[in-house]
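Chemist: Model the following, please.
(2 chains)
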Amino acid sequence: MPIIKIQLPDGSKREYRKGVTGQEIAESIGTGLAKAALAVKVNGEVWDLGRPMNNDAGISILTFKDQEGKKALWHSAEHVLTHAMMNLWPGKIEMAMGPATEEGFYFDFDSSKKFTPDDFKKIEEEMAKLVNQDLPIVRKEISLDEAKKLFKGNKYKEEWLSEIKEKGEKVTVYWTGKDFVDLCRGPHVSSTGKIGHIKLLSLASAYWRGDSKNKQLQRIYGIAFQDRKELNRHLEMLAEAEKRDHRKLGKELDIFEIDEDIGPGLVLWLPNGNIIKEELENWAKETEKKWGYKRVTTPIITKEGLFHTSEHLPHYKESMFSPMDIDGEKYYIKPMNCPFHHKIFAARTRSYRDLPLRLAEYGTCHRYEQSGAITGLMRVRGMDMNDAHIYCTKEQAVDEFIDVIKLHEYYYKKLGITDYSMELALRDLNSDKYHGHEKMWREAEELMMKAMKKSGVKFKVEKGGAAFYGPKIDFQIKSVIGREFTASTNQIDLFMGEKFKLKYAGEDGKEHTPVIIHRAPLGTHERFIGFLIEHFAGKFPVWLSPVQVVIMTISQKMEKHGEKLRKEFEEAGIRVELDNRAESIPKKVREAQLRKIPIMLTIGEKEVENDTVALRTLDGQVKFGVKPELLVKKLKENINNKELKFEL
RNA sequence: GCCUCUGUAGCAUAGUGGUAUUGCGUUGCCUUGGUAAGGCAAAGGUCGAGGGUUCAAAUCCCUUCAGAGGCUCCA
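Modeler: Got it, this is the predicted structure:
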């Protein structure tokens, strides 16, 4: 019998007969593993457990702990979903496609029946049946002709097959039991029993192959876990995420409002929200002053010519609000601040001695976002941007850019944002949306790459995401509940300097074009605060809290004392409220908790007598006999240092 | 922009053809209390807007606005 050598996950080598499967190897290692195994990684490629190995190989057994194992399970769950729907509505479902994603799976299909979440229960029951039957899931390589016969009449599969033919790839199908088959590359788990518990989450629509010219299909999203408890935990997490939704909290905490009569994506900052906004703004102003930025202010509207120079017109016209006619000339509302800052640079003769010149502004910009893209504070049409442009020499560019990265890191660290990543977005060489000449692009890419590498920060390269005038770096931040956003975009720009004919006198006495760095570490107030609401679940650190301290009287007899205390806190620059209503303490506490006020003080007879307060923090801890002077001192320190937590 | 769904008082909700339910909040009165809801009462709604069907519309149909989940887009 021919023998092959397999290197096991622990590094040891063992001999097996030729044709051994991943499942058999898993069984030979340990019974627990045999059950948990979902797929196998063979020389770096993910395989089904049942696929025979005919050569020496190094393997690792994938379980639900591995993302690839999860994906095999989820993809199989997607097949079960398709299978169940074909069973329930025979002839009514034309299956298109369905992959596993990073957090579950979805299935796209075409059907004359309009599905609603009310159908989920029925489908889930059918899926549970299929899982209980523990049907084998078997991979088969078949010929193109066989495949064509098998999927005859399904235009989506036919399109897929003709593409496989073009690429010259092999056709693989997966059978679930005897009566369900789908065209699929896999990998899958070996039988439906391994999938465990499936939950359908939502219903949406999507264009076939993600192209808006194509037909829209119905899409069902789902998730699956082997362990019921894990599924429940996941569902709880989703519910928790919903509670943290900035739109919900924004309303509950009186942070912002979006009024129908004003328009979609146009934010009304309520007094509470405005405090957060101003605190952030002041922080950025102070910080950037220290980092050598100079502040400027520029208009919100401009003659159209400015955007022709920058080439935003006509290329980005559709993202701009329609122009208005002023004295027979077209004026646009600015979608960004860059050209204005360039004009400030150009307004005076510049020498290399003036560089780097860092111009910063809290600019109010408006962009015509697609109506369907607008969500809460995350995608808006009117925004305040913490924007700045650095004009420097080519020699300075790398270090300046590293400083920009450091500035981000400073901001994020202070706010306790630890989960972030960077993406270097380059141009897509096949697209014609990019401007400027080849040399300029290459140089800009090189400069950015150099800066990223020198800074030592991890980053991912993404093709096709660049701005039309240069590559960019996006900071992706993740909130505690796992929602990810682009918080800021930064660029080294060799294009606009030329377009705006910006010049400085160099050391050599000749004219040079400055390099421009675009940066906005806090992005827009809208998105950033939206993110922070979810990040902190509305429990802002003291310095950002709209109301920092509430003083609650046990009875209205303590009003005078309460008022005296309130004044003391207020004079110390602390945002404080006195709650002297004729309500019970439990009720006052409850309300303060719901408003997420970080410092709750109660005063009763004892406190008046001893001139102390009882301190309660949001986590429910109560400390009696606290001296107000000490508290004020500690709070001021906490606020000035912008600390994340308050401790006495 | 496209697809699907949703829209009832400040907020959260009940209501499948007979002009609207409940809770919180608000206001008033009583209560003056020790760490997540004290009691009673009152006010508050052209049921997103406009049109249509019908004796009668929150409810059915059309248009429109807004929101949600996606897709496309995202300088």
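Chemist: Chain neighbours aside, what residue packs nearest to the spatially most central residue of chain A?
Modeler: The residue lying closest to the centre of chain A (CA atoms, centre = their mean) is A:Glu484, at 1.3 Å. With sequence-adjacent residues excluded and distances taken as CB to CB, 6 or more residues apart in numbering, A:Glu484 is closest to A:Lys478, at 4.8 Å. Yep, even glycine has a C-beta here, placed from its N, CA and C like the rest.
Chemist: Now do the same for that neighbour: its pLDDT.
Modeler: Looking at A:Lys478, its pLDDT stands at 82.
Chemist: and the helix or strand harbouring A:Ile529, what does it pack onto?
Modeler: Counting by DSSP states H and E, the element that carries A:Ile529 is helix A:525-535. With contacts taken as 3 or more CB pairs under 8 Å, 6 or more residues apart in numbering; DSSP states H and E, helix A:525-535 sits against helix A:246-252, helix A:271-290, strand A:382-392, strand A:484-493.
Chemist: can those go into CSV with extra columns for mean pLDDT and distance to RNA strand B?
Modeler: Compiled in CSV, the helices and strands packed on helix A:525-535 are given as follows (pLDDT from 0 to 100; distance: least, CB to the nearest atom of the strand, whole Å):
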stretch, mean pLDDT, distance to RNA strand B
helix A:246-252, 94, 5
helix A:271-290, 96, 14
strand A:382-392, 95, 11
strand A:484-493, 89, 5
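Chemist: So which of these has the densest surroundings on average?
Modeler: Neighbour counts (mean count of other CB atoms under 10 Å) averaged over each of the helices and strands packed on helix A:525-535 peak at strand A:382-392, with a mean of 24.
Chemist: Which residue, other than its chain neighbours, is closest to the closest residue to RNA strand B within the stretch 51-200 of chain A?
Modeler: Closest contact between the stretch 51-200 of chain A and RNA strand B, by CB to the nearest atom of the strand, is at A:Lys114 (5.0 Å). Leaving out its chain neighbours, the residue that sits closest to A:Lys114 by CB to CB, 6+ apart is A:Gln218, at 7.6 Å.
Chemist: Can you tell me the element the one you found falls in?
Modeler: When elements are assigned from DSSP H and E, A:Gln218 belongs to strand A:216-225.
Chemist: re earlier: the helix holding A:Ile529 vs helix A:271-290, what angle?
Modeler: 110 degrees (axes from the mean of the first three to the mean of the last three CA atoms, to 10 degrees).
Chemist: Give me the contact list for helix A:525-535.
Modeler: A:244-246, A:249-250, A:253, A:255-256, A:267, A:273, A:276-277, A:280-281, A:376-380, A:383-386, A:415-417, A:477, A:479-481, A:483, A:485, A:487, A:522, A:540, A:544 (CB atoms under 8 Å, 6 or more residues apart in numbering).
Chemist: how many other residues sit next to the residue nearest to A:Lys114?
Modeler: 18 (other CB atoms under 10 Å).
Chemist: Which parts of chain A belong to which domain?
Modeler: Following the assignment in automatic domain parsing, chain A carries domains at A:3-63, A:68-242, A:256-535, A:542-640.
Chemist: A:Phe646: which of these is closest?
Modeler: Closest approach to A:Phe646 among the domains of chain A (CB to CB): domain A:542-640, 5.1 Å.
Chemist: Any idea how far the closest one is from the middle of the chain?
Modeler: Between the centre of domain A:542-640 and the centre of its host chain there is 37 Å, according to CA atoms, centre = their mean, to the nearest Å.
Chemist: May I have the distance across it, first residue to last?
Modeler: 10 Å (CA to CA, to the nearest Å).
Chemist: Quick one: mean pLDDT for it?
Modeler: In the prediction, domain A:542-640 has an average pLDDT of 96.
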